[in-house]
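Undergrad: Whatever this is, show me its structure:
(2 chains)
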Amino acid sequence: MHHPSHISQKFLVELFAIAFLACLLLVWYTTIVKKDYFLFTDPETVPAPTDFLAPILGFSENTDQE
Amino acid sequence: MDPLSCGWDTARFLIFSGNVFAPLIYYSHLGPLLVSALIGIVVLINDPRALVNRALFVLTAAFSVWVYFDLVLWASEKSEYIMFFWSAMLPIELLIYAICWYLIVLLARQGKGPASREWLIAGATFVPVFLFAHTSLNLLGYDLTDCDREAIEGPLWQYVYLVELLFIAWIVGIATKGYRQISEPRVRNQLLLISSGIVAFLFAFSAGNILISYFLEVDWSYEQYKLFGMPILVAFITYSAIRFKTFNLKVITSQALVVAVSVLVFSLLFLRTIENVRIIAVLTVGFVAILGYILIKNVKKEIEQRELIEKQEKELEVVNKQQENLLHFISHEVKGYLTESQAGFASIVEGDFGAVPDKVMEMSKSALASVRRGVRTVMEILDSSNLKKGTVSYKKQTFDLKETVLRMVEHLKRGAEEKHLALNVSIGDGNYTMEGDEEKIRQHVVRNLVDNAIKYTPHGTVKISLTHSPSTNLGAQKSIRFSVQDSGVGITDEDKIKLFTEGGHGKDSIKTNVHSTGYGLFIAKQIVEAHGGTIRAESDGAGRGSRFIVEFPNK
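TA: The predicted structure is shown next:
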């Protein structure tokens, strides 16, 4: 029996694989080739790691040095 | 700040450098990496077409890549490498969860993949990652202050941690539903085992992330512990492979896995004494002990089964022997009755009782033919039984095979004429004297082959030839070659295999010769071989005739 969702699933998996590789390629280009990232050498300018997840999970924020 | 002033080592192969602060990092990374790569490859090789096997292979491959990337972060001194590998770990980490989800869907729905809507939801979780992985939403930047050599994670990581938790919840949901719906206990237990392994593995992974972010003040040295979820998963997978044959692995493969794990334990000896290593060693030894127990249990079961088979084999041998003796006894008795009847009917036909009415004569002739056929059949069975038992004695005498063949052809000529077959005899020049039991060769070899050729050839010719063969089959010595070729029913490749075996009928031979016992060629072969000769059959297939070639050493 012909099952149309099989074709679309295969197509989706291929699309996913292409997007995945494209994403890695883009990351490679920005970091290794272009070196397009902020290099913190002054402790005053280093931002605290983001943790918007803390309130969702019910944890208290502990990364803030203040 | 100049990175050179920090005095970082240059990493070889991106992962070997003095920047890695403890050898424990290598153990915690390379161990799970090797184990997972090994199991992935073994599972894929065993059955590359099965979806579960493919999914497990992709899972172990993604995990191995992730672990390698993570090791780069510990060893590399270059900011661009750390930024790339750290950023790239984000989609790979999410992929690991997605494949685990897919694997559980396959197991819980017994081979049926996710529905299109589920595919879309799972795929959609990747969209923000694909779109923003290369931006500062992934990594805010690279921290070199105080020679820190680490990236600062952006909100995209928080998003991925959250999605990971949702994936775990989804997996638990699917596994629970599947467990309730599946009625077969074997499949249920298999699902329970693999999903427990996967949840333990993912939970260790996510717990590592969350603990580091919220309890351990972003101390990445704790990160290595989260990798030990993989050996746990491997343990569950190995058990499932042995117990339920989940990935169609052969027993030998399971044993290979145990060896691999043992090698990992052995590698601990090469680490420096650190308290943490002892803990890991204890855990790993426990893991190996469980595997060993499972394996020993299976081997014990196997030995028990083998012993049972051996016992049954012995019993079967005794029964076989009894049956053979019985058959021998019956054949012997029947032969006696038949020989008596044969003598009686022969006396009537030969006129020992004077003139008898035509009807009686006719009936006697027909009965004599039947009784003779019966005697021959019984004799064949008896001879075959004696040959097998090794209770046959051969009379050693020098005789001329040419005369034997000609005598037998003369005797069987009538049968060929009745079927309007051309019987061609060609005898090459030279001496055909040989040593052996003339009577047995005449009756069981020459007669059998010529008689068979006549029986199995509905029309056409039967060619009998006797030549000297320069064949090397029987060494440098020249041999006598006796061959019988016919244009009859032929032999299929399938029939050739059982042609010379005891009771080995051709598939359709019974249609042409209803009286065939299937012992004739078996006996012929035994007798030819007892005389140091060979016998073989050639045929181009059904309906294309056949050729039997016998070679005896010349005297």
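Undergrad: Please, which helix or strand holds the residue in the stretch 51-200 of chain B positioned nearest to chain A?
TA: Nearest to chain A, among the residues of the stretch 51-200 of chain B, is B:Gly141, at 3.3 Å (Cβ to the nearest Cβ). For glycine as for every other residue, the C-beta is placed from the backbone atoms N, C-alpha and C. For B:Gly141, the element it lies in under DSSP states H and E is strand B:139-143.
Undergrad: And the next helix or strand past that strand?
TA: Using DSSP H and E, the helix or strand that directly follows strand B:139-143 along the chain is strand B:150-153.
Undergrad: Return the list of strands paired to that following strand, each annotated with direction.
TA: The strands that strand B:150-153 pairs with in its sheet are strand B:139-143 (antiparallel) (by DSSP bridges).
Undergrad: I'd like the mean pLDDT over stretch B:455-466, please.
TA: For stretch B:455-466, the mean per-residue pLDDT is 86.
Undergrad: I figured the residue of the stretch 51-200 of chain B closest to chain A hits A:Thr41, correct?
TA: No. With the criterion set as Cβ atoms under 8 Å, B:Gly141 and A:Thr41 do not qualify as a contacting pair; they are 10.4 Å apart.
Undergrad: Which one's more surrounded, the two?
TA: Here B:Gly141 and A:Thr41 are compared on neighbour count by other Cβ atoms under 10 Å in any protein chain shown; more neighbours surround B:Gly141, at 18 against 14.
Undergrad: ok, and the closest non-adjacent residue to that one?
TA: For B:Gly141, the nearest residue in space outside its immediate sequence neighbours is A:Phe38; the separation is 3.3 Å by Cβ to Cβ, 6 or more residues apart in numbering or on different chains.
Undergrad: Kindly state the pLDDT recorded for residue 22?
TA: Unless you meant another one, I'm taking chain A. Listed pLDDT for A:Ala22 reads 96.
Undergrad: think we crossed wires, I meant chain B
TA: Looking at B:Ala22, its pLDDT is 69.
Undergrad: same question, A:Thr31
TA: Per-residue pLDDT puts A:Thr31 at 94.
Undergrad: Thought B:Met83 was touching it, still the case?
TA: Yes. Here A:Thr31 reaches B:Met83: they are 4.2 Å apart, a contact under Cβ under 8 Å.
Undergrad: For the two, list the residues in contact with both.
TA: When contacts are counted by Cβ atoms under 8 Å, 6 or more residues apart in numbering or on different chains, the set common to A:Thr31 and B:Met83 consists of A:Tyr37.
Undergrad: now stretch B:519-534, how far from the centre of its chain.
TA: 34 Å (Cα atoms, centre = their mean, to the nearest Å).
Undergrad: give the contact list for the closest residue to chain B within chain A.
TA: Taking Cβ to the nearest Cβ, chain B has its nearest neighbour within chain A at A:Phe38, 3.3 Å off. With contacts taken as Cβ under 8 Å, 6+ apart, A:Phe38 has the following neighbours: B:136, B:140-142.
Undergrad: still on that earlier bit, tell me what the residue of the stretch 51-200 of chain B closest to chain A is bridged to.
TA: B:Ile152.
Undergrad: Distance-wise, check it relative to B:Met83.
TA: B:Gly141 sits at a distance of 8 Å from B:Met83 (criterion: Cβ to Cβ, to the nearest Å).
Undergrad: From the chain's centroid, how far away is the helix or strand that contains B:Phe205?
TA: Using DSSP H and E, the element containing B:Phe205 is helix B:185-214. When distances are taken as Cα atoms, centre = their mean, helix B:185-214 is centred 34 Å away from the chain's centroid.
Undergrad: any idea of the mean pLDDT in it?
TA: Per-residue pLDDT values over helix B:185-214 give a mean of 83.
Undergrad: buried sites along it?
TA: Of the residues in helix B:185-214, those with enough neighbours to count as buried (16 or more other Cβ atoms under 10 Å in any protein chain shown) are B:187, B:190-195, B:197-206, B:208-210, B:212-214.
Undergrad: Show me what it packs onto, helices and strands only.
TA: Packing partners of helix B:185-214 (3 or more Cβ pairs under 8 Å, 6 or more residues apart in numbering or on different chains; DSSP states H and E): helix A:53-57, helix B:79-108, helix B:155-181, helix B:229-244.
Undergrad: Could you dump the ones you listed into a markdown table and include distance to B:Cys147?
TA: As requested, the helices and strands packed on helix B:185-214 are arranged in a markdown table below (distance: least, Cβ to Cβ, whole Å):
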| stretch | distance to B:Cys147 |
| --- | --- |
| helix A:53-57 | 28 |
| helix B:79-108 | 12 |
| helix B:155-181 | 23 |
| helix B:229-244 | 31 |
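Undergrad: Those: which one's closest to B:Thr467?
TA: helix B:229-244 (62.2 Å; Cβ to Cβ).
Undergrad: Can you list the low-confidence ranges for the stretch 1-150 of chain B?
TA: Applying pLDDT under 70 to the predicted model, the residue ranges of the stretch 1-150 of chain B that meet it are B:1-4, B:21-24.
Undergrad: Helices along that one, start to end?
TA: For the stretch 1-150 of chain B, helices defined by DSSP state H, counting those that start in this stretch occupy the ranges B:23-46, B:51-75, B:79-108, B:116-124, B:127-132.
Undergrad: Columns mean neighbour count and distance to chain A on top of those, output as a markdown table?
TA: Converted to a markdown table, these look like this (neighbours: other Cβ atoms under 10 Å in any protein chain shown; distance: least, Cβ to the nearest Cβ, whole Å):
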| stretch | mean neighbour count | distance to chain A |
| --- | --- | --- |
| helix B:23-46 | 20 | 17 |
| helix B:51-75 | 21 | 10 |
| helix B:79-108 | 23 | 4 |
| helix B:116-124 | 14 | 5 |
| helix B:127-132 | 16 | 5 |
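Undergrad: okay if I get those as JSON lines plus distance to B:Asp486?
TA: Putting those into JSON lines (distance: least, Cβ to Cβ, whole Å) gives the following:
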{"stretch": "helix B:23-46", "distance to B:Asp486": "50"}
{"stretch": "helix B:51-75", "distance to B:Asp486": "54"}
{"stretch": "helix B:79-108", "distance to B:Asp486": "60"}
{"stretch": "helix B:116-124", "distance to B:Asp486": "67"}
{"stretch": "helix B:127-132", "distance to B:Asp486": "76"}
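Undergrad: now the strand holding B:Gly141 against helix B:155-181, angle please.
TA: Computed by axes from the mean of the first three to the mean of the last three Cα atoms, to 10 degrees, the angle separating strand B:139-143 from helix B:155-181 equals 120 degrees.
Undergrad: Give me the residues contacting strand B:139-143.
TA: A:37-40, A:46-47, A:49-50, B:79, B:82-83, B:86-87, B:149-154.
Undergrad: Just give me how far that strand sits from the chain centre.
TA: From the chain centre to the centre of strand B:139-143 is a distance of 55 Å (Cα atoms, centre = their mean).
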